[in-house]
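Student: Provided below for reference: sequence and predicted model.
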Amino acid sequence: PTVRMINYFKNGNGVGVNIEFINPTQKDLAMSAEVSCGYTYIDGRTSIRMGDSVRAKATEWVEAGRRSTRTVDLYFSYGSAYTFDEPQISDISYQ
């Protein structure tokens, strides 16, 4: 069992990440993964470029031998002129 990133896209004041949960086993599984992304922005109060990161956990029930796609939305702090790194998947687990 694994989770992979299909693609990602700017989504308002954040980034949307399409991930795919893959269950090749013969048993239904509850699968989860953490998605994170580093970014920079111009702070609206100080006009200084700041850095931060955001993370979210996604959980999906995946039937045996199946795949399931889900979009995870990561929202950035208030600001402007966002730049962001490629999102990363970590802490994959299943039961």
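Tutor: Looks like it arrived, so ask away.
Student: okay, residue 77: pLDDT?
Tutor: pLDDT, residue 77: 87.
Student: which residues does it contact?
Tutor: 41, 50, 52 (Cβ atoms under 8 Å, 6 or more residues apart in numbering). (C-beta placed from N, C-alpha, C; glycine too.)
Student: and it, which of the three is it?
Tutor: Applying DSSP: H, G, I helix; E, B strand; the rest coil to residue 77 yields a three-state assignment of coil.
Student: do the same with residue 7
Tutor: strand.
Student: and it, what does it touch?
Tutor: Residue 7 makes contact with 17-18, according to Cβ under 8 Å, 6+ apart.
Student: state the distance from it to residue 93.
Tutor: 23 Å (Cβ to Cβ, to the nearest Å).
Student: what does residue 81 give?
Tutor: 36 Å.
Student: what's the neighbour count on residue 31?
Tutor: 22 (other Cβ atoms under 10 Å).
Student: what's opposite it in the beta bridge?
Tutor: residue 60, residue 94 (DSSP bridges).
Student: repeat that for residue 69.
Tutor: Going by DSSP bridges, residue 69 forms beta bridges with residue 20.
Student: right, and it touches residue 4 too?
Tutor: No. The criterion here is Cβ atoms under 8 Å, and residue 69 misses it with residue 4 at 10.1 Å.
Student: not counting its neighbours along the chain, what's nearest residue 35?
Tutor: Excluding the flanking residues, the one nearest residue 35 by Cβ to Cβ, 6 or more residues apart in numbering is residue 72, at 4.7 Å.
Student: most distant residue from the middle of this protein?
Tutor: residue 46 (28.6 Å; Cα atoms, centre = their mean).
Student: for residue 79, see how far away that one is.
Tutor: Distance from residue 46 to residue 79, by Cβ to Cβ: 10 Å.
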